[in-house]
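**Q** based on what follows, work out the 3D shape:
(chains A, B, C and D)
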There are 2 protein chains.
Amino acid sequence: MSTANPPNSEAEFPWQAAESLHATAIHLLRRLRHADASSALNAPRLSALSVIVFSGPLTLGHLAQAEQVRPPTMTRIVHALEAQGLVIKSTDAADRRTIRLSATLKGKRLLLHARNRRLQTLATHIAALAPAEQATLRRALPILRKLS
Amino acid sequence: MSTANPPNSEAEFPWQAAESLHATAIHLLRRLRHADASSALNAPRLSALSVIVFSGPLTLGHLAQAEQVRPPTMTRIVHALEAQGLVIKSTDAADRRTIRLSATLKGKRLLLHARNRRLQTLATHIAALAPAEQATLRRALPILRKLS
DNA sequence: TCCTTTTAGTTAGCTGAGCTAATGATCTAT
DNA sequence: ATAGATCATTAGCTCAGCTAACTAAAAGGA
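**A** Residues are numbered from 1 along each chain as shown, chains lettered A, B, ... in the order given. As a prediction, the model looks like this:
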């Protein structure tokens, strides 16, 4: 039986693994959020800015899609980033309904610093793992990405 | 060099892994949140109710600590769960400042249904993995829990 | 060409999570 | 008995997420 969802046989692996991953993701993000307190960027802004920096200029709609969020939500996040001078909007000549979002130099610099701060604790913990555990983690990461 | 945070040598494993885990956790939770739309419970309530159901009666402070959240935040979550008839508060005879939180029968039933719905997609994806990938995932899960 | 339809983004208005600061109630220890 | 510590709540804020309704611009057909 590998039909994925047998609520009665909770002992089956896919179900157990789903529960474990779920709880782990929640607690991981809650912990990482604390690191944001010292930053000018919280999680959604950091994530959005990251996409803008690394995926070049793109429209608000595409950014919303990439972040799995509705356009109005992204409008507000982008507005905040713009007010902080981290992102600039430019109108597209070909289609004047859309806007081209790109990061300013300040935005790029701030992103790198904030990311470093946010990921530092996690990276430290990973570095403290035994080599065999690190190897396991290395093999598991592509699988996790496939799941999300 | 395994000093965990060398922002210039981004190629180093702990740093890469931290970035990957971070992004994965964000996208995973965003996806799972969609499943909550059909449920009466969103992520924080589901998580809190889960702790109450499985970790027996406990105080609000302990629950807040388990969920890595401040007491006022947990007060509101618990209040909502109580209004839904999923949780009951009882005063502790020994220490009347504290409250004992326990789940009602309705709460237990609803938790199991909501969890099933939320985890079903994830469990399905996991079940669709190749056996070798599942084995890797199985070995990685304890490590991930240690990191969070 | 003009008029309809579709698409991109914004605005308005809501729910709810998260925080700090301040209060009330109770326990503890002097 | 009183002073201080501890548990929970209330008040008041910021911000993320949504839907519905709107404006502006593009696309396309009569």
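**Q** in a helix, residue A:56, correct?
**A** No: counting by DSSP: H, G, I helix; E, B strand; the rest coil, residue A:56 is not part of a helix but coil.
**Q** need the contact list for it.
**A** Going by Cβ atoms under 8 Å, 6 or more residues apart in numbering or on different chains, residue A:56 touches residue A:102. In short, each C-beta sits where N, CA and C put it, glycine included.
**Q** what helix or strand is residue A:63 on?
**A** Following DSSP states H and E, one finds residue A:63 within helix A:60-66.
**Q** that helix: which residues count as buried?
**A** For helix A:60-66, a neighbour-count test (16 or more other Cβ atoms under 10 Å in any protein chain shown) marks A:60, A:63-64, A:66 as buried.
**Q** wait, does it contact chain B?
**A** No: applying Cβ under 8 Å from any Cβ of the partner chain, one finds helix A:60-66 separated from chain B by no less than 9.9 Å.
**Q** and that helix, what does it pack onto?
**A** helix A:43-54, helix A:71-83, strand A:99-103 (3 or more Cβ pairs under 8 Å, 6 or more residues apart in numbering or on different chains; DSSP states H and E).
**Q** following the shortest one, which helix or strand comes up?
**A** I take that to be strand A:99-103. Using DSSP H and E, the helix or strand that follows strand A:99-103 in sequence is helix A:105-127.
**Q** can the next helix-or-strand element following that next one be found next to chain B?
**A** Note on helix A:105-127: by DSSP H and E, the next helix or strand toward the C-terminus is helix A:131-147. Yes: against chain B, helix A:131-147 shows contacts by Cβ under 8 Å from any Cβ at A:133-134, A:136-141, A:143-147.
**Q** would you turn the residues you listed into a markdown table with distance to DNA strand D?
**A** Formatted as a markdown table, those follow (distance: Cβ to the nearest atom of the strand, whole Å):
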| residue | distance to DNA strand D |
| --- | --- |
| A:133 | 31 |
| A:134 | 31 |
| A:136 | 30 |
| A:137 | 26 |
| A:138 | 29 |
| A:139 | 30 |
| A:140 | 25 |
| A:141 | 23 |
| A:143 | 25 |
| A:144 | 20 |
| A:145 | 19 |
| A:146 | 22 |
| A:147 | 19 |
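**Q** what sits closest to residue A:53 if chain neighbours are left out?
**A** Once flanking residues are discounted, residue A:53 sits nearest to residue A:103: 4.6 Å by Cβ to Cβ, 6 or more residues apart in numbering or on different chains.
**Q** surely that neighbour and residue A:87 touch.
**A** Yes: with contact defined as Cβ atoms under 8 Å, residue A:103 and residue A:87 form a contacting pair (5.8 Å).
**Q** who touches both of those two?
**A** Counting by Cβ under 8 Å, 6+ apart, the contacts common to residue A:103 and residue A:87 are A:49, A:52.
**Q** coming back round to it: which among the residues of helix A:131-147 next to chain B end up buried?
**A** By neighbour count, with 16+ other Cβ under 10 Å, the residues of helix A:131-147 next to chain B hold A:133-134, A:136-141, A:143-144, A:147 as buried.
**Q** near DNA strand C too, which of the buried residues of helix A:60-66?
**A** Filtering the buried residues of helix A:60-66 for proximity to DNA strand C by Cβ under 7 Å from any atom of the strand leaves residue A:60.
**Q** check whether the lowest-mean-pLDDT helix or strand in chain A contacts DNA strand C.
**A** The helix or strand of chain A with the lowest confidence, counting by mean pLDDT, DSSP states H and E, is helix A:13-36 at a mean of 78. Yes: applying Cβ under 7 Å from any atom of the strand, one finds helix A:13-36 touching DNA strand C at residue A:30.
**Q** looking at chain A, which residue is nearest DNA strand C?
**A** residue A:61 (2.6 Å; Cβ to the nearest atom of the strand).
**Q** what about the closest residue to that residue other than its chain neighbours, how many residues nearby?
**A** The shortest distance from residue A:61 to any non-neighbouring residue, by Cβ to Cβ, 6+ apart, is to residue A:71 (6.2 Å). By other Cβ atoms under 10 Å in any protein chain shown, the residues close to residue A:71 number 12.
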